[in-house]
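J.: This is the structure alone, sequence omitted:
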């Protein structure tokens, strides 16, 4: 009898542990890119616009979690807000490639199952994060690129837009500035290549070609942004300085499941079908219920080579580091030593949040189960 | 004076340690794919052909190392042999996509600098591994895809071929068999999707579309393979059963530097611009002088989700596991639990070799500094 009671007790404890309710731990963290974002080069109007955008993303994601939605659904909702806003380099508002196109990348990963999905180099999918989720949930593949990914998204009923949808005047001007600067640099420097992807800036291409006559992909269909009270939206988009625009979200839902998602337009003036870290599982995006969920933003090449997101997870799993220590070890130490600028957001299964970055600023914020949120932009 | 001697002694020791000669440790390991490769379904002629191909790759790579070449150069030389051979699913001999194309992926990583390069979905580059090396050495990017990657390769003077170069009759027939089997499966199963990338097989696409009329991309330019004594080369290509064709090489050079490279045609009948693990740094390819160099072959989706190559490195770095234990932990335990079939090859800085696989067979071999080599195919 005593043995039976003990067995029952153990069984009940196991079931309780299995069905543990994480309602008081639900957490959502977002980022909207990192780089040279300082108080000195930010106007009050711009700061207000970015804070509003970030807040809306937090609220939309939180709403999903509060209603009992999954972490993947919450990540999707939060990222949709940033993809649909011209302020962020993802979806509408994505930067331009050297050819004057907007090529988008996105990835999602689910911590419970380690299932993942990613799309790279797509030009017609309104919300790339949703395409990544479709790849995860409705295909046997993890990563799809280019026209194939677009065909898949179309077949799955995702919203397809004309490439001109992604045009914003501010990003287009940023491309023109990048090209002009590149030309100036080349005029002063006969050495066109920097000999490997350890270097910063540059483009790895031929100067002459890179600076040839520029024709936007479909100029006639470019739409002007609506004017706001004091500024056009284009005036508010922050494109000064070095900026690694990417948006991302990590979340812990009431079922105790983690998820991470990232979406981006990549680097202004990028060439040759370049793919950054955002859609690379393990580099820009990773989630594992055993450790944490991570989304990165930064100089993608360095983040790929350092397998940043998985490295943070591995430091927790194999070295027993806390989320904070693991994130700092990778972002503030390893990446700094290697010259990799940027940051990450992360959450673990206890709802602990980490948002380290080694650049001058990073748009970031989090919201906890009680609805209290914080939005930050600068270093201090 | 005593102090000065001590200082000199320490300085000399440091220089000696820095310039340590690894000549007696040089090692090169290769794989030519994993899957249902058993004695029962292998003819003596086929086995001979594969052994000869693997041996040539080992010898070419070894030659580079022996002459004082770098691990990257050795990896390139060994992979060229397998890319140029129709026997392996990489370069010439790559499998066909659902659309009847050959879309190739490749990656390289250098353990000393953590520099890396990758190309995905290329159709005209004769040796994709060389394109990956060009991306690593001659661009600021790590990963390039599709037409952009091809343009880059062309600008860098790599050999460009007509897509028909990659045609082999055996692979083409394998595509036809895959399509026929898919049609049969669909006829018996109204459920077209398997609900996420945790499943095996299937295609994630629409059955009707997938089984529509098939027209090879450029049938008129398809070349017949030359006949050998008793068989045509096409007869020797092994396409039966489930096979995760990929080729890879890892090496340790006399300077103590590790490198890893992987090249593949992906999965027969793949759709939607699918990218597998081969070109994903951290998944199918990873090298770090602090730990090891790894190249994987297997069901790519599982390898991406498990960040296989970096996970082996992390287990060594953070948990202090030996190369063998780390490789076994990931391939024989984690991947098996998750349903991920395949294997990896790896080498550490002491020249230790690991070649675990959880499939029925894996084409593999290694060669050590004394020129002694071993080539293996089956489980035992």
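T.: On my side now, so go ahead. Model, not experiment: these values are computed from the prediction. Residues are numbered from 1 along each chain as shown, chains lettered A, B, ... in the order given.
J.: What's the separation between the one residue in the stretch 251-380 of chain A that gets nearest to chain B and residue B:145?
T.: Nearest residue of the stretch 251-380 of chain A to chain B (CB to the nearest CB) works out as residue A:273 at 2.6 Å. C-beta here means a position set from N, CA and C on the backbone, and glycine is covered the same way. According to CB to CB, to the nearest Å, residue A:273 stands 4 Å off from residue B:145.
J.: got any residues that touch both of the two?
T.: A:121, A:146 (CB atoms under 8 Å, 6 or more residues apart in numbering or on different chains).
J.: ok, the nearest residue to the residue of the stretch 251-380 of chain A closest to chain B once chain neighbours are set aside - contacts?
T.: Of all residues not flanking residue A:273 in the chain, residue B:148 sits nearest, at 2.6 Å (CB to CB, 6 or more residues apart in numbering or on different chains). When the contact criterion is CB under 8 Å, 6+ apart, the partners of residue B:148 are A:271-274.
J.: what do you get for residue A:284?
T.: A:107, A:246, A:248, A:262, A:276-278, A:295-297, A:300, A:303-304, A:308-309.
J.: mind checking pLDDT for residue A:344?
T.: Looking at residue A:344, its pLDDT reads 98.
J.: ok, what's across the strand from it?
T.: residue A:296 (DSSP bridges).
J.: which ones are touching it?
T.: Applying CB under 8 Å, 6+ apart, the residues contacting residue A:344 are A:31, A:294-298, A:308-309, A:312, A:327, A:330-331, A:354-357.
J.: Same question for residue A:146.
T.: By CB under 8 Å, 6+ apart, the neighbours of residue A:146 are A:120-122, A:273, B:121, B:145-146, B:273.
J.: Next step: the residues you listed restricted to helices.
T.: residue B:146 (DSSP state H).
J.: Of the contacts of residue A:344, which count as buried by neighbour count?
T.: Buried members of the contacts of residue A:344, scored by 16 or more other CB atoms under 10 Å in any protein chain shown, are A:31, A:294-298, A:308-309, A:312, A:327, A:330-331, A:354-357.
J.: burial measure for the spatially closest residue to residue A:257 that is not a sequence neighbour, as a count.
T.: Sequence neighbours aside, residue A:112 is the residue nearest to residue A:257 in space, at 4.5 Å (criterion: CB to CB, 6+ apart). Using other CB atoms under 10 Å in any protein chain shown, the number of residues around residue A:112 comes to 18.
J.: Kindly state the pLDDT recorded for residue A:112?
T.: 98.
J.: wait, it sits on residue A:293?
T.: No - the criterion here is CB atoms under 8 Å, and residue A:112 misses it with residue A:293 at 10.7 Å.
J.: Common neighbours of those two, please.
T.: Shared contacts of residue A:112 and residue A:293 (CB under 8 Å, 6+ apart): residue A:258.
J.: Report the distance from the lengthiest helix in chain A to the chain centre.
T.: The residue-count maximum for a helix in chain A (DSSP H) belongs to helix A:44-66. Centroid separation for helix A:44-66 versus its chain: 15 Å, with CA atoms, centre = their mean, to the nearest Å.
J.: Run the chain-centre distance for the next helix or strand after that helix.
T.: Where DSSP states H and E defines the elements, the next helix or strand beyond helix A:44-66 is helix A:71-84. Taking CA atoms, centre = their mean, one finds the center of helix A:71-84 at 11 Å from the center of the full chain.
J.: How about stretch A:153-165?
T.: With CA atoms, centre = their mean, you get 20 Å for stretch A:153-165.
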